[in-house]
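**Student:** coords below, sequence missing:
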DNA sequence: ACCTGATGTGTACACTGTTCACAATGTCAC
DNA sequence: GTGACATTGTGAACAGTGTACACATCAGGT
């Protein structure tokens, strides 16, 4: 598991940065940000420990890069959840369904990939970086932008009063994010899937009523 | 800062467990759970590194103890916020005000003591331990119990429909907790106090409408 | 063919958590 | 009292971590 694929004949690695990032993602997947360990990443890449410093200033920089990648994965999960919704009813109820989809995609990601979720969302980042390219999923949007898009739809459909649109990301995100954290390593940890699914539905109800 | 108070003449320390816990709390206050470092705690207590193992199985056990203590502090903050509310109106609006107080106490704690907040609420604990004695504040209640009490008042006053009372802790807690995490080291980190206060009020509005 | 910058290596240091054998002390039965 | 025993603290040691410094190796432009 921690052995390099092949001893590598060339002096240069080729794409060490990416290799370190990939290794970091795998470690984060199993143990969250604290499990991202620099030396182990270099070991998996089949390279000496210090080689990492040619690509990342320090361990924290690596963890941040992993965090960005993890946010991209989260964005993907949200996007697929969105794509699964077929528009049928009027614009208003469609928009509401889509907000729910975003929330449940986010929470499913938390449940299925707790390590990556924690790495994505509990590593310090500033708000002005919430739209940075490195956090984008394959669809080209960050989680923050994905949520924002759905809120725009809600506002356009008249469900969300215009004066409440600004900053609404914050509220929706807070609620859902909080449940995610509590499920992962808060007091709700280890509850069975049915209970979690139920809690998710009720939380989405709350947001739907309160937003 | 990291030197023992006095070189200690007796072989026995006297109350090493508490001394280690206190040191741990101070470290957590400045840097969160990761900053709780076992050797440093023993250093501050003026004792050899291994002495800690007579009182805590390993570092994780120490961190958990610090986490419990931090939850006690959070409970205190919530209790004082509650105490500041003077009952004036009818039972219904009183109960709603008290729920807001609990939420804003929780969030104030997050803002003023981010390190302790993270230590309190992002260290794995099971739900059945949410009422453990070690997490109690000076008023004798854990944060979970404090919230539960106010929700009982809401239900009694008829604001919260009885069929929605069960599990309501989860919803309220999730929302507020999420905002706390986002403020501390999520994308909202470093926002000014006014913005945070505004976000808090809006989030409490959401909970008030949606619970 | 050389120079230069980029990338990887080797050695080394301070620090961490943790284990093992051992020392000092309190406590309790007799 | 006086041992025996359990409790609590010590010392030396080990593996593992992040990181700095000097050095080696190479790719590409002149």
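**Tutor:** Everything's here; your move. No experiment lies behind these values; they were computed from the predicted model shown.
**Student:** Tell me how far the helix or strand encompassing residue A:111 lies from the chain's centre.
**Tutor:** If you go by DSSP states H and E, residue A:111 is part of helix A:91-112. The chain centre lies 14 Å from the centre of helix A:91-112; the measure is Cα atoms, centre = their mean, to the nearest Å.
**Student:** go on, stretch A:127-136?
**Tutor:** On Cα atoms, centre = their mean, the centre of stretch A:127-136 falls 12 Å from the chain's centre.
**Student:** what does it contact?
**Tutor:** Stretch A:127-136 has contacts (Cβ atoms under 8 Å, 6 or more residues apart in numbering or on different chains) with A:65, A:68-69, A:71-72, A:75, A:142-145, B:187-189, B:191. Quick note: C-beta positions are derived from backbone N, CA and C, even for glycine.
**Student:** Which member of those residues is positioned nearest DNA strand D?
**Tutor:** residue A:65 (12.9 Å; Cβ to the nearest atom of the strand).
**Student:** Go ahead and confirm residue A:69 touches residue A:20.
**Tutor:** No. Here residue A:69 does not reach residue A:20: they are 11.3 Å apart, not a contact under Cβ atoms under 8 Å.
**Student:** More neighbours: those two, which one.
**Tutor:** residue A:20 (25 against 21; other Cβ atoms under 10 Å in any protein chain shown).
**Student:** Whether the longest helix anywhere in chain A contacts chain B - can you check?
**Tutor:** Longest helix of chain A, by residue count under DSSP state H: helix A:59-83. No. Using Cβ under 8 Å from any Cβ of the partner chain, helix A:59-83 never reaches chain B; the gap is at least 9.9 Å.
**Student:** got it, and stretch A:176-188?
**Tutor:** Yes. Stretch A:176-188 reaches chain B (Cβ under 8 Å from any Cβ) through A:176, A:177, A:178, A:179, A:180, A:181, A:182, A:185, A:186, A:187, A:188.
**Student:** who touches that stretch?
**Tutor:** Taking Cβ under 8 Å, 6+ apart as the rule, stretch A:176-188 contacts A:103, A:106-107, A:110-111, A:114, A:117-118, A:121-122, A:189, A:191, A:196, A:199-200, A:203-204, A:207, B:121-127, B:129-130, B:144, B:170, B:173-182, B:186.
**Student:** go on, stretch A:9-19?
**Tutor:** A:44, A:45, A:46, A:47, A:51, A:52, A:54, A:55, A:56.
**Student:** what's the first-to-last distance across that stretch?
**Tutor:** 16 Å (Cα to Cα, to the nearest Å).
**Student:** Stretch A:130-145 now?
**Tutor:** End-to-end distance (Cα to Cα), stretch A:130-145: 8 Å.
**Student:** residue contacts, residue A:28?
**Tutor:** Residue A:28 touches A:35, A:36, A:63, A:66, A:67, A:70, A:115, A:116, A:119, counting by Cβ under 8 Å, 6+ apart.
**Student:** what helix or strand is it on?
**Tutor:** helix A:16-31.
**Student:** Show me what from chain A comes close to DNA strand C.
**Tutor:** A:11, A:12, A:13, A:14, A:16, A:47, A:48, A:49, A:50, A:51, A:54, A:55 (Cβ under 7 Å from any atom of the strand).
**Student:** Go through the residues you listed and say which is closest to chain B.
**Tutor:** Distance to chain B across the residues of chain A next to DNA strand C (Cβ to the nearest Cβ) is lowest for residue A:49, with 21.3 Å.
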